[in-house]
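J.: below are the sequence and a predicted model; questions follow.
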Amino acid sequence: MIKFLIEKEFKQLFRNSFLPKLIFIFPCMIMILMPWAANLEIKNINLNIVDNDHSVLSRRLVDKIGASTYFCLTALPDTYDEALLAIEAGSADVVLEIPRDFEKDWVKGEAPRLLVAANAVNGTKGSLGGSYLSSIISDYTRELGSESSSQGLAGKPLPRVDITTQNLYNPTLNYKLFMIPALMVMLLTLICGFLPALNVVGEKEVGTIEQINVTPVGKFTFIAAKLIPYWLIGFVVLTICFVLAWVLYGILPAGHFLTIYGMALFFLPMVSGFGLVISNHSTTLQQAMFVMWFFMLILILMSGLFTPIHSMPEWAQWITCINPLRYFVEVMRTIYLRGGGFAELLPQLGAVLVFALVFNLWAVKSYKKSS
């Protein structure tokens, strides 16, 4: 029975001359235009400082940086390797390493070398974080020089602090590398969320759904037949996005395509299930479209696509925990930029699975075979 229902869905889809074109044209337009137009506001850059010197001057530098409004001093790791683990975990955006003998080199008139490592998964945040930090260190250098002059200790030339910056995961600070994986999530959400919702409500308006309601087709079979076609269409859209990202921008994931497809295996039914829930509670196309757009707009804006979640107010950060798009945006960026695998993405996979079960069970329960 379900085979014939799925066949009906595909025939109904391709009978409409506009929808097959939309499935191809919409990803092309978004992938061509949005990476150039999107922007990001930077705020509350998470900083880890590794102080290998533990001297008076190094502690003063740490205090000065901690007093800045640009940075949130989240930790003081003992080693640089511990700080890199914080970057890999996403809890740090920038790491500053103060070398051993920092104060001794300064007093001797030699140039201490500081290392700034920026998490360039978010290229804009990494670039600005490094620039802000360099500015603060330069200001600190001038303060020490003024103090030395006032105390008559300026017999030697003022040493210059050399700063070496490393941009991890995105060495060229390519902002498109940060945005394009998230734009793929937005495309999948819009296409695989809107199409099944509008399909069911369209059948309600023309009355064809009543012909199915009088048959012995069960509610679970009906919902599954609505999900599977758009589940497959989602993989087609995802593949189109991969090709466009490679052809237009030369961007390929650092991880495996199979990992992305494996995660999408659960994300696509979740999005389509959400669309079916909306359609079951709507009676007209206009109602379904407005309700879907209302929720989609909020979900997309609070997914971390445009604004980093850590830059949102604390109450908004808690709300994003119940936003399923947030988890798949994290998945795409982790695989594309850092090459993460399934083991690293198990928390996100678990969250997507929970949402998929909730929305699809809700869709089955809310579908009524009688008006």
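T.: That came in fine, so what should we check first? Numbers count the residues shown, from 1 in each chain.
J.: just list the residues touching residue 237, thanks.
T.: Going by CB atoms under 8 Å, 6 or more residues apart in numbering, residue 237 touches 23, 27, 187, 188, 191, 192. (Glycine included, C-beta is placed from N, CA and C.)
J.: in helices, which of the residues you listed appear?
T.: Using DSSP state H, the subset of the contacts of residue 237 located in helices is 23, 27, 187, 188, 191, 192.
J.: looking at it, the second one is touching residue 190, isn't it?
T.: So the one you mean is residue 27. No. With contacts defined as CB atoms under 8 Å, residue 27 does not count as touching residue 190, sitting 9.8 Å away.
J.: in what helix or strand does the most centrally placed residue in the chain lie?
T.: By CA atoms, centre = their mean, the chain has its centre lying nearest to residue 329, at 3.6 Å. Residue 329 belongs to helix 324-333 when elements are defined using DSSP states H and E.
J.: mind listing what's buried in the very next helix or strand once past that helix?
T.: Downstream of helix 324-333, the next assigned helix or strand under DSSP H and E is helix 346-366. By neighbour count on 16 or more other CB atoms under 10 Å, the buried set for helix 346-366 is 348, 349, 351, 352, 355, 356, 359, 360, 362, 363, 364.
J.: which residues of the protein fall in helices?
T.: Read by DSSP H, the chain holds these helices, from start to end of the chain: 2-15, 19-37, 56-66, 80-89, 102-107, 123-150, 175-206, 208-213, 219-249, 257-280, 285-301, 314-319, 324-333, 346-366.
J.: mean pLDDT and distance to residue 44 added to those, as TSV?
T.: Converted to TSV, the helices of the chain look like this (pLDDT from 0 to 100; distance: least, CB to CB, whole Å):
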stretch	mean pLDDT	distance to residue 44
helix 2-15	81	45
helix 19-37	85	24
helix 56-66	89	13
helix 80-89	87	15
helix 102-107	84	27
helix 123-150	76	10
helix 175-206	87	17
helix 208-213	73	49
helix 219-249	91	29
helix 257-280	93	28
helix 285-301	91	18
helix 314-319	91	11
helix 324-333	94	17
helix 346-366	94	22
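J.: so can I have CSV of these showing distance to residue 339?
T.: Listed next are the helices of the chain as CSV, based on distance: least, CB to CB, whole Å:
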stretch, distance to residue 339
helix 2-15, 36
helix 19-37, 21
helix 56-66, 31
helix 80-89, 11
helix 102-107, 34
helix 123-150, 17
helix 175-206, 12
helix 208-213, 46
helix 219-249, 15
helix 257-280, 9
helix 285-301, 26
helix 314-319, 26
helix 324-333, 11
helix 346-366, 15
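J.: for residue 166, find the nearest of the ones you listed.
T.: Nearest to residue 166, of all the helices of the chain, is helix 123-150, at 9.0 Å by CB to CB.
J.: and the closest one, how far from the chain's centre?
T.: Centroid separation for helix 123-150 versus its chain: 30 Å, with CA atoms, centre = their mean, to the nearest Å.
J.: what angle do that helix and helix 56-66 make?
T.: Put simply, helix 123-150 runs at 140 degrees to helix 56-66, going by axes from the mean of the first three to the mean of the last three CA atoms, to 10 degrees.
J.: which strands or helices does helix 123-150 pack on?
T.: Helix 123-150 sits against strand 45-51, helix 56-66, strand 71-75, strand 94-98, strand 113-119, strand 162-168, helix 175-206, with contacts defined as 3 or more CB pairs under 8 Å, 6 or more residues apart in numbering; DSSP states H and E.
J.: same thing but at 6 Å, please
T.: With contacts taken as 3 or more CB pairs under 6 Å, 6 or more residues apart in numbering; DSSP states H and E, helix 123-150 sits against helix 56-66, strand 113-119, strand 162-168, helix 175-206.
J.: confirm for me that the residue nearest to the centre of the chain is in contact with residue 182.
T.: Yes. Counting by CB atoms under 6 Å, residue 329 does reach residue 182; the two are 4.9 Å apart.
J.: between those two, what contacts are shared?
T.: residue 305 (CB atoms under 6 Å, 6 or more residues apart in numbering).
J.: could you chop this structure up by domain?
T.: For the chain, the structural domains run 2-37+175-366, 45-168, going by automatic domain parsing.
J.: who wins for most neighbours among the ones in helices among the contacts of residue 237?
T.: Looking at the ones in helices among the contacts of residue 237 with neighbours defined as other CB atoms under 10 Å, the largest count falls to residue 192 at 28 neighbours.
J.: what sits against it?
T.: Here residue 192 is in contact with 230, 234, 268, 271, 272 (CB under 6 Å, 6+ apart).
J.: farthest-separated two in those?
T.: Of all pairs drawn from the contacts of residue 192, the greatest distance, 8.5 Å, lies between 230 and 271 (CB to CB).
J.: higher neighbour count, those two?
T.: A direct count of neighbours by other CB under 10 Å for residue 230 and residue 271 places residue 271 higher, at 32 against 25.
J.: give me the pLDDT for residue 337.
T.: Here, the pLDDT recorded for residue 337 equals 88.
J.: residue 169 is in contact with that one, correct?
T.: Yes. Using CB under 6 Å, residue 337 is in contact with residue 169, at 4.8 Å.
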